[in-house]
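J.: Structure for this input, please:
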Amino acid sequence: MALFAKKTEFSTTSSQIPSIVIRTSNVAKELMGVASNHKVSIKTLDFRLLETQTFIRLLTDGDDWIEVNPEELADITEEMYLNPKFELKQIYEIEIFTITQAGPLDLLDISIAGNGTLCKIYLTIKAGSLATYNETFESNFFELIKKKKLRANVFIGMFDSMMSSNLSEVIAKVRINGTYQFETQERFIVAEGFEPILTIDDKLILHYDKKHQDMDEDGRINYAKRGYIVSVVKDDLLIEYIKPIKGTLGRNVRGELIVPKEPVARNEPTFTISDKIRRDESDTTVGFYASVGGYVTFEGGMYDIKTEMDVSEISFRSTGSIDTELDADVSINVKEKDSLKDAIGTGMAVTVNVINIEGNVGAEAKITAHKANIEGQVHSSATVIADELSINIHKGKAYGKEIHITRLEHGEVEGDRVFITQAVGGKVRAKEIFIELLGSHTKLTASKSIEIKKLQGGENVLTIDPLLNESRDSLDDEEIKMNEAKKALYSVEKELLEYENTMKENKNAYEDIKQKLIHYKRNNIAPPSVYVQKYQQFLQFRHKLESLQDEFAEKQSYLALISNQHTSLQNKIFEARIVNHDRWRNYNEVVFKLIEPRMDVTYFPADNSDENVLGLHEDEEGEFSIKVLSK
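T.: Next up, the predicted model:
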């Protein structure tokens, strides 16, 4: 908030007032009084500061005011300023008159403003302001600021030791340019008192509880995620009590003492805590931290951390979605087992360390866990993600490391190792796939092995793809890198050979000059400059040769690295196997996807054949085929 801004009006002859000299402690009040008495606008009045007197007193020494000069003011310590019994005031003698002509700095549009406590006063020079330098500019500038302060009832000659240095750059700009226009607004501190430290009332902060209600993109509360349970990990700050602290005294630039209010204490902790929560106390706060992972409970006035929870269902109506930290040691048991109901309701999202579901997972539901066990069925539009995953009937999408499925019904599965008791349609992608009973219309893709104990159906596609976890784009990138590395290696090798041949051809001349230089040095004879130049050329040549040798070795190593990575990926396909412990039934397709050359090798096992182990073979002519390795 501006305390005083630029004046813009001049007075006509008929509204001029006689010059008035006044002694006052409040310049602004006197200006308003004169304007009112003479029925003129305050904007038509200005004043001239004739004298400033500063008085101090210490109430313990009596009530008499003592006048002090500027030197004595400078000796007043911060301790004295913050003494509640110390007082000070200023009396100004001013001459008030009517403005009849523009002042020398009327084109310099400035204002002053203070912070909330008036312990800091800022001078603002507005954009577009114009200043012209002359021999009185600096004194006029500081006089203008002084008058702005007085109109705002701010002490002058006190609390402003920083003003000259803060404004030195502005004054220098005007002096150097002669006439200077401010392109942007500029702001400077021109007075600073002693800022108090505010009193702190006590406060109880429930950190564990502050994210209970999520907002959607429109800022509305998402009641589907209303925080049924709140998970924590070890060392999480659960609750924090801010102790009440009384602030410290201050004094503003009007000389007023700022006394802090007494702190209010109404939130002291009255609850108790279990041994799973630790209490840490400092001078200013008390913190309550989780000693273990789990979820927070508050029962009978006690905070506790538990790890296992039983719920009948997870639905919008009962719990809403549950979002806990995966690293929190929280286990949820969902008890609803009715086959006609959903244990995990439609659209629910659950994130938890361990979850055991006795019933079904509904449409559009999503489960994320380290370990999940589902005894019912997973809807075709539901998704389950877990490192360790067990599902009874799966129709949706499942992702994990080790996955066990009792019955796959046209669902999708992706993991490291997948074990399926019965598959009757669906898609499976994994490093290793084990199926006890394979029906029909199932697509199995593995990078290492596919093993089938019993085959009853047909129309299945069994694929070995070493790029299971890689993309064709990344493979193309690797090939581009290899080609670029080969070209760079060829270029360096060519240049290196040229340097090596040149070095060999000039080796004798180099040795001859070297020996002559040694002879000159031993006999304190100045060598011919041509010998020195030739020798320096040889040294530079040898340094370049060594640099090329290092670069060649580095590029060779890089090419070998990426080539080995590429070769290793390609060789994996020759180690991969498709194993069928039963006879092949009906129509089934076996595919091995090669990386180099990029092609699919396909094989159709004959109906009722006992070709138990299939693998990729490359003959002496480089032709690829799928061979029966064992019957």
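J.: Would you quantify the distance from the residue nearest to Ala328 when sequence neighbours are not counted to Asp327?
T.: Computed as CB to CB, 6 or more residues apart in numbering, the closest residue to Ala328 that is not its neighbour in sequence is Ser231, at 3.8 Å. For the C-beta atoms, the positions are set from N, CA and C on the backbone; glycine is no exception. In this view, Ser231 and Asp327 are 9 Å apart by CB to CB, to the nearest Å.
J.: Check Glu412 too.
T.: According to CB to CB, Glu412 stands 27 Å off from Asp327.
J.: What of Val230?
T.: As defined by CB to CB, Val230 lies at a distance of 14 Å from Asp327.
J.: the helices in this protein, which residues?
T.: In the chain, the segments counted as helices under DSSP state H are 27-37, 70-74, 78-81, 137-151, 163-177, 472-505, 507-522, 529-575.
J.: Nearest approach to Tyr295 belongs to which of these?
T.: Ranking these by proximity to Tyr295 (CB to CB) places helix 472-505 first, at 40.6 Å.
J.: what pLDDT, on average, does that closest one get?
T.: Taken as a whole, helix 472-505 has an average pLDDT of 67.
J.: just stretch 107-122 next, same as before
T.: Rounded mean pLDDT across stretch 107-122 is 94.
J.: Is Gln53 bridged to anything, and to what?
T.: Following DSSP bridges, Gln53 is listed with bridge partners Ile91.
J.: Please name the bridge partners of Ile452.
T.: In this entry, Ile452 is beta-bridged to Ile435, Asn580, by DSSP bridges.
J.: contacting residues for it?
T.: The contact partners of Ile452, taken as CB atoms under 8 Å, 6 or more residues apart in numbering, are Ile435, Leu438, Val579, Asn580, His581, Asp582.
J.: Surely the first one is in contact with Ile420?
T.: Yes. Contact criterion CB atoms under 8 Å: Ile435 and Ile420 qualify, at 4.7 Å.
J.: picking up where we left off before, pull the number of nearby residues for the residue nearest to Ala328.
T.: Residue neighbour count, defined by other CB atoms under 10 Å, stands at 26 for Ser231.
J.: just checking, it touches Ser331?
T.: No. Using CB under 8 Å, Ser231 makes no contact with Ser331, being 11.0 Å away.
J.: any shared contact partners between the two?
T.: Val352.
J.: re the thing from before, could you tell me the least trusted of the helices of the chain?
T.: Per-segment mean pLDDT for the helices of the chain reaches its minimum on helix 472-505, at a mean of 67.
J.: Nearest residue to Ala372 in space, please, no chain neighbours.
T.: If the residues on either side of it in the chain are set aside, Ala372 comes closest to Ala386, at 3.9 Å by CB to CB, 6+ apart.
J.: Report how many residues lie close to the one you found.
T.: By other CB under 10 Å, 27 other residues sit near Ala386.
J.: what is it paired to in the beta sheet?
T.: Once the bridges are assigned, which here means DSSP bridges, Ala386 pairs with Ala369, Gly400.
J.: Spit out the contact partners of it.
T.: Under the criterion of CB under 8 Å, 6+ apart, the neighbours of Ala386 are Ile367, Thr368, Ala369, His370, Lys371, Ala372, Tyr399, Gly400.
J.: of all these, which comes closest to Phe141?
T.: Distances from Phe141 to these, taken as CB to CB, are shortest for Thr368 (66.7 Å).
J.: Give the burial count for that closest one, as a bare number.
T.: The burial count assigned to Thr368 is 18, neighbours taken as other CB under 10 Å.
J.: ok, now how distant is it from His207?
T.: Following CB to CB, the distance that separates Thr368 from His207 is 24 Å.
J.: how about Ile420, what does it touch?
T.: Applying CB under 8 Å, 6+ apart, we find Ile420 in contact with His404, Ile405, Thr406, Leu408, Val413, Val428, Ile433, Phe434, Ile435, Glu436.
J.: now swap in Lys337 and tell me
T.: Ala343, Glu358, Gly359, Glu375, Gly376.
J.: Which of the residues you listed ranks first by neighbour count?
T.: Ranked by the number of neighbours (other CB under 10 Å), the contacts of Lys337 place Ala343 first, at 26 neighbours.
J.: pLDDT score for the nearest residue to that one once chain neighbours are set aside?
T.: Computed as CB to CB, 6+ apart, the closest residue to Ala343 that is not its neighbour in sequence is Gly359, at 3.3 Å. Gly359 is assigned a predicted lDDT (pLDDT) of 95.
J.: wait, doesn't Gly359 sit right on Glu336?
T.: Yes. Under the contact definition of CB under 8 Å, Gly359 touches Glu336, with a separation of 4.5 Å.
J.: Quickly list what's touching both of these two.
T.: Glu313, Asp342, Ala343.
J.: which of those lies closest to Pro18?
T.: Taking CB to CB as the measure, Pro18 lies nearest Glu313 of the shared contacts of Gly359 and Glu336, at 91.1 Å.
J.: Tell me, how many residues neighbour the closest residue to that closest one other than its chain neighbours?
T.: Here the nearest residue to Glu313 in space, its sequence neighbours aside, is Glu336; by CB to CB, 6+ apart that works out to 4.4 Å. Glu336 has 20 neighbours, counted by other CB under 10 Å.
J.: residue contacts, Glu336?
T.: By CB under 8 Å, 6+ apart, the contact set of Glu336 is Ser312, Glu313, Asp342, Ala343, Glu358, Gly359.
J.: mind redoing it with 10 Å?
T.: 311-315, 318, 342-345, 357-360, 376 (CB atoms under 10 Å, 6 or more residues apart in numbering).
J.: just Glu611 next, same as before
T.: Each residue near Glu611 by CB under 10 Å, 6+ apart is listed here: 578, 580, 583-584, 590, 603, 605, 626-631.
J.: Using a markdown table, please lay out those residues together with pLDDT.
T.: Written out in a markdown table, the entries for these read as follows (pLDDT from 0 to 100):
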| residue | pLDDT |
| --- | --- |
| Ile578 | 94 |
| Asn580 | 94 |
| Arg583 | 92 |
| Trp584 | 92 |
| Val590 | 95 |
| Tyr603 | 94 |
| Pro605 | 92 |
| Ile626 | 90 |
| Lys627 | 89 |
| Val628 | 88 |
| Leu629 | 84 |
| Ser630 | 70 |
| Lys631 | 56 |
